[in-house]
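1. What would the 3D arrangement of this be:
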Amino acid sequence: LKIIASGFDPDGDVIIFSINDSRFVQNGSTFIFQTGFNDSGLFHVLVTVTDGELNDSQVVPVLILNANRPPVLAPIGNQSVNENSTLELQVNASDEDGEALLFRKIRNDSLPTPFDFNQSSGLFRLTPGFNDSGDYFIEINVTDGINDDNETFRIRVFNVNRAPLLNPISLIAGNEGDEL
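-> Numbering: from 1, shown residues only. Predicted coordinates:
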């Protein structure tokens, strides 16, 4: 934030500028304030010009608008689950402005069903069935309505070996001494 003061002395005297706020750094008639994320609001400063004997001042309103900081998605990393088991993943994010966050699944490679993703809480559940083994890529997004953050990660579904099934065998009947 920069305030550039200007003025003159009708008698030609040398003039000096000042400001009544120590947050500003002065360089001649220029006053610079490096704002931070907690500085939003309206305040007033007093800019003064003097010739050493007399002075003139002006109250200057300064309005610093709030700057939205993006939410930050906590690292998720690659995940894995066995077929016919449940992967439960709590996706977390933070927002330094304290704004409400919304989670979204914005890309997937045909995830096996059933899966559920709660957009408010960030809880993701996936229960792949048998025959769903393989790698699936998903992109999760979090937004505060203005800015967002994304992460793409892999879910590896491991094949589970199932016991073979023997088909039912009917009653085998025969006489003694016969080959069955």
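
2. Just name the shakiest helix or strand of this structure by mean pLDDT.
-> The weakest-scoring helix or strand in the chain, judged by mean pLDDT, DSSP states H and E, is strand 102-108 (a mean of 84).

3. Give me the sheet partners of it and which way each runs.
-> Note on strand 102-108: by DSSP bridges, its sheet partners are strand 134-143 (antiparallel).

4. Can you give the distance from the strand it pairs with to the centre of its chain?
-> 15 Å (C-alpha atoms, centre = their mean, to the nearest Å).

5. what pLDDT, on average, does that strand get?
-> Strand 134-143 carries an average pLDDT of 94.

6. So what's the residue count around residue 169?
-> Residue neighbour count, defined by other C-beta atoms under 10 Å, stands at 6 for residue 169. Bear in mind the C-beta positions are built from the backbone N, C-alpha and C, glycine included.

7. If you could redo that for residue 24, that was the one I meant.
-> That count, for residue 24 with other C-beta under 10 Å as the rule, works out to 19.

8. quick one: residue 172 and residue 164, what's the gap?
-> Remark: distance between residue 172 and residue 164 (C-beta to C-beta, to the nearest Å) = 21 Å.

9. Then residue 88?
-> Using C-beta to C-beta, residue 88 is found at 31 Å from residue 164.

10. beta partners for residue 104?
-> Residue 104 forms beta bridges with residue 141, as assigned by DSSP bridges.

11. Tell me the secondary structure at residue 125.
-> Following DSSP: H, G, I helix; E, B strand; the rest coil, the label given to residue 125 is strand.

12. Check residue 169 too.
-> Assignment for residue 169 (three-state DSSP): coil.

13. confidence score at it?
-> Residue 169 carries a pLDDT value of 90.

14. correct me, but residue 59 touches residue 44?
-> Yes. Using C-beta atoms under 8 Å as the test, residue 59 is close enough to residue 44 to be in contact (5.2 Å).
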